[in-house]
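**Q** give me the fold of what follows.
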Amino acid sequence: MASSAKLKAYPEIQAIKDRLAGGKGSELVIAFIPSHDKDDHARTDQDHWAQKALTLFGRMYEGATAFEQLKGIYHSKDMQKKGLRPCYDTPIMVQSLADAADVENEDNLLALAAFLRDMGTTMNQYAVGLVVNNKYINIVIAPV
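**A** Okay, here's the model as predicted:
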């Protein structure tokens, strides 16, 4: 068994132990940056919006990571009822693991909502996706 002195040299070990014992974890916030618009036209500004998301998340949550090489589909029940075809996409996923106080901060919430609506409108989306702690939030931009 490792000595207590050795463990103290690695404070992250205590953080792992605390989390496994039911300690409060970080809040997960994820935004998806689309590659195509609702009419299936490729967007040339995806990297611009991903950079804006990284900058915003970095300011609000002290850091963020972007993941590329994803594949996705959006095909809401309303789209299906109206016989509209699904929207296939290769989004960039931007995520942060943040303190609850930063996620719940009203200025941050307003900045996040404004960013997502601006991105969705500018990029001609039906909706944009946000995930907070494994809960998907569909932000409708242009009702079907």
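**Q** helices along this protein, start to end?
**A** Using DSSP state H, the helices found in the chain span residues 4-8, 11-20, 46-61, 77-81, 100-104, 106-122.
**Q** any chance of those in TSV with mean neighbour count and mean pLDDT as columns?
**A** All C-beta atoms are positioned from the backbone trio N, CA, C, and that covers glycine. Output for those, formatted as TSV (neighbours: other CB atoms under 10 Å; pLDDT from 0 to 100):
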stretch	mean neighbour count	mean pLDDT
helix 4-8	9	75
helix 11-20	11	75
helix 46-61	18	98
helix 77-81	12	92
helix 100-104	13	93
helix 106-122	15	96
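**Q** right, and the ones you listed - which one's nearest residue 88?
**A** Using CB to CB as the measure, helix 77-81 is the one of the helices of the chain that comes nearest residue 88, at 12.6 Å.
**Q** now that closest one: how far from the chain's centre is it?
**A** With CA atoms, centre = their mean, to the nearest Å as the basis, helix 77-81 stands 24 Å off its chain's centre.
**Q** how about stretch 99-116?
**A** That offset, for stretch 99-116, works out to 12 Å (CA atoms, centre = their mean).
**Q** ok, the spatially most central residue of the chain to residue 3 distance?
**A** Nearest to the mean C-alpha position of the chain, by CA atoms, centre = their mean, lies residue 30 at 1.5 Å. Distance, residue 30 to residue 3, by CB to CB, to the nearest Å: 39 Å.
**Q** can you check residue 122 too?
**A** Noted for residue 122: a distance of 57 Å to residue 3, by CB to CB.
**Q** what does residue 59 give?
**A** Separation of residue 59 from residue 3 (CB to CB): 41 Å.
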